[in-house]
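What follows is a predicted structure for the sequence shown.
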Amino acid sequence: MHHFKRQDGVLHAERVPLPRIVEEVGTPCYVYSAATLRRHAQVFSEPFPEGTLVAYSVKALSNLSVLKLLGEQGLGADVVSAGELERALRAGIAPEKIVFSGVGKKVSELEAALEAGIHQFNVESAEELRMLSDAATRLGKTAPVAMRINPDVDAETHPGISTGKADDKFGIPWDRAFEIYNCARDLPGIDPCGLDLHIGSQITSLAPFEKAATRAKDLVLALRERGFDITRLDLGGGLGVPYKDGEVPPLPSAYAEAVVRITGDLGVQLIFEPGRVIAGNAGLLLAQVVLTKTQTSKSFVVADAAMNDLIRPALYGAEHTLHQVTEKVGQPAPYTLVGPVCESTDTFARDAALVAPEAGDLIAFGTAGAYGAVQASQYNTRPLVPEVLVDGDDYKIVRRRPSFDEMLSLED
């Protein structure tokens, strides 16, 4: 569900017509719906038992205003860097609601998280475990740890966002689980109180989740038999969202039912790290048509948004539903929609069905809230795309477009 609807033929974000935002902010720009973010936070959290920690995956959409909004809905934060930790803390998210994931945490990052007093470290290797033990001992702290064990479950998603198969870079091999927990038990400054699994992103079937949860339950029971007091089970994130018309991923309620059915008798605190399912449909990327052109056999629409603003199509072959902001009457025709960056991969769609596009038209890329602005760059010395948060009939610029002077000020 989202709050981007047409009114009198013009696409709105909640009660704000998108052309009004463009008049002030220009294009390209990201537009987020506060009502959608609140709704998604509620819909994901409600089906789970009391005491569950829903730690929003900051990497999906890390704008401070968005983090503050989600924190007000009771969500915690899943972070993967010291920068994301700083964002979560500045947004007012309590340290005891923060988990730190990631395969390559530096000592300085571990120390910052220990000093902050976060809820949990998701540890991905014996080497990291020893680094964390050294840091914790040096600081006189005890680190609550969940080992990220790789369940070797195929998430049935794009290879670039699969994280739980045997040869993915993430986690600890399943057959080394007991070895790594024994190591943790013997190290000072480490409390091996949890188990962490994460199998991938944009998963559109419950079957991989059910398989991973079943393996997790079996491992928790086996660890307890060996004397480990496992009180937390972190099942990560990965629940998919519809990017195109007709796609129907599982509802959070169905996901919750499956997880609770499998793990409900373990008596653990459940932890989840949703990102895309919270932010994806809560955002659009707005762009303006610069020009149209016809080559030998193709008709092109060149927009002012580019792969540096939304890299998912170039990176993953991802498709986003396209909307002409102001409705046009007529038959749609196929166009190749591209950006102005000097790369052939700067292509958003090869058969975009558009009605008589012309210079100045506004186009909206749907389901662009997750992994959109966070992956933007300044390639071709293009300014970082601004972000706008709409709330009812009001909106505010929550990240402005930098000037060229600001962009170049860090260089000598």
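Now that the structure is in, tell me what you want to look at.

Does anything pack onto the strand or helix carrying residue 335? Which helices or strands?
Assigned by DSSP states H and E, residue 335 falls within strand 333-338. On a contact count with 3 or more CB pairs under 8 Å, 6 or more residues apart in numbering; DSSP states H and E, strand 333-338 meets strand 299-303, strand 347-354. All C-beta spots, glycine's among them, are computed from the backbone N, C-alpha and C.

got the CA positions of the last one in PDB?
As requested, C-alpha coordinates have been extracted for strand 347-354 and formatted as PDB (Å, rounded to 0.1, in the frame of the first residue of the first chain):
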ATOM      1  CA  THR A 347      19.100   3.000 -19.400                       C
ATOM      2  CA  PHE A 348      16.000   2.700 -17.200                       C
ATOM      3  CA  ALA A 349      13.600   0.900 -19.500                       C
ATOM      4  CA  ARG A 350      13.800  -0.500 -23.100                       C
ATOM      5  CA  ASP A 351      10.100  -0.700 -23.800                       C
ATOM      6  CA  ALA A 352       8.500   2.000 -21.600                       C
ATOM      7  CA  ALA A 353       4.900   2.500 -22.600                       C
ATOM      8  CA  LEU A 354       4.500   6.300 -22.700                       C
END
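
quick one: strands adjacent to that strand?
Using DSSP bridges, strand 347-354 pairs in its sheet with strand 333-338 (antiparallel).

Over to the first one?
Based on DSSP bridges, the pairing partners of strand 299-303 within the sheet are strand 283-294 (antiparallel), strand 333-338 (parallel).

Could you give the average pLDDT over that strand?
Strand 299-303 shows a mean pLDDT of 97.

Show me the contact partners of that strand.
The contact list for strand 299-303 (CB atoms under 8 Å, 6 or more residues apart in numbering) reads 28, 287-294, 333-340, 348, 352, 354, 357, 363.

Distance from the chain centre to that strand, please.
Relative to the centre of its chain, strand 299-303 is centred 29 Å away, using CA atoms, centre = their mean, to the nearest Å.

Name the residues of it that are buried.
Along strand 299-303, these residues count as buried under the neighbour rule (16 or more other CB atoms under 10 Å): 301, 302, 303.

Residue 57 touches residue 76, doesn't it?
No: applying CB atoms under 8 Å, one finds residue 57 not in contact with residue 76, separated by 10.5 Å.

of those two, who's got more company?
residue 57 (28 against 25; other CB atoms under 10 Å).

May I ask you to confirm that residue 43 belongs to a helix?
Yes: assigned with DSSP: H, G, I helix; E, B strand; the rest coil, residue 43 falls within a helix.

Show me the domain layout of the chain.
4-31+280-408, 102-272 (automatic domain parsing).

quick one, which of these is nearest to residue 72?
With CB to CB as the criterion, residue 72 lies closest to domain 4-31+280-408 of the domains of the chain, at 12.0 Å.

remind me which residues of the stretch 51-200 of the chain are low pLDDT?
Residue ranges of the stretch 51-200 of the chain with pLDDT under 70: 154-168.

hmm, 90 instead?
Within the stretch 51-200 of the chain, the stretches with pLDDT under 90 are 150-171, 198-200.

separation between the closest residue to residue 101 other than its chain neighbours and residue 255?
Of all residues not flanking residue 101 in the chain, residue 122 sits nearest, at 4.4 Å (CB to CB, 6 or more residues apart in numbering). As judged by CB to CB, to the nearest Å, residue 122 and residue 255 stand 20 Å apart.

quick one: which of those two has more around it?
Comparing residue 122 with residue 255 by other CB under 10 Å, the one with more neighbours is residue 122, at 28 against 25.

Check the strands paired with strand 299-303 for me and report the most buried one.
strand 283-294 (a mean of 20; mean count of other CB atoms under 10 Å).

circling back: out of the strands paired with strand 299-303, nearest to residue 115?
strand 283-294 (33.0 Å).

Contacts only, for the nearest residue to residue 151 once chain neighbours are set aside.
Nearest residue to residue 151 in three dimensions, chain neighbours excluded: residue 215, at 4.6 Å (CB to CB, 6+ apart). By CB under 8 Å, 6+ apart, residue 215 lies in contact with 151, 153, 174, 197.

Kindly recompute the last result at 10 Å.
Going by CB atoms under 10 Å, 6 or more residues apart in numbering, residue 215 touches 149, 151, 152, 153, 164, 174, 197, 199, 262.

Around residue 103, how many other residues sit close by?
Residue 103 - counted by other CB under 10 Å - has 16 other residues nearby.

Check the one 10 residues further on too.
Residue 113: 25 surrounding residues under other CB under 10 Å.

Could I get the phi/psi values of the residue nearest the centre of the chain?
The centroid of the chain falls nearest to residue 60 when counting by CA atoms, centre = their mean (2.3 Å). The phi and psi values for residue 60, taken as degrees, to the nearest 10, are phi -70, psi -40.

so how far is residue 339 from the nearest residue to it once chain neighbours are set aside?
Distances taken as CB to CB, 6+ apart put residue 275 closest to residue 60, at 3.0 Å, once the chain neighbours are dropped. Separation of residue 275 from residue 339 (CB to CB): 25 Å.

what do you get for residue 317?
Between residue 317 and residue 339 the distance is 16 Å, computed by CB to CB.

What of residue 310?
Here the criterion is CB to CB. By it, residue 310 lies 9 Å from residue 339.

try residue 356
Residue 356 sits 21 Å away from residue 339, going by CB to CB.

the more surrounded of these two?
residue 339 (26 against 13).

how many other residues sit next to the closest residue to that one other than its chain neighbours?
Sequence neighbours aside, residue 306 is the residue nearest to residue 339 in space, at 3.1 Å (criterion: CB to CB, 6+ apart). Around residue 306 there are 26 other residues, counting by other CB under 10 Å.

Residue 306 belongs to a helix, doesn't it?
No: judged by three-state DSSP, residue 306 forms no part of a helix; its state is coil.
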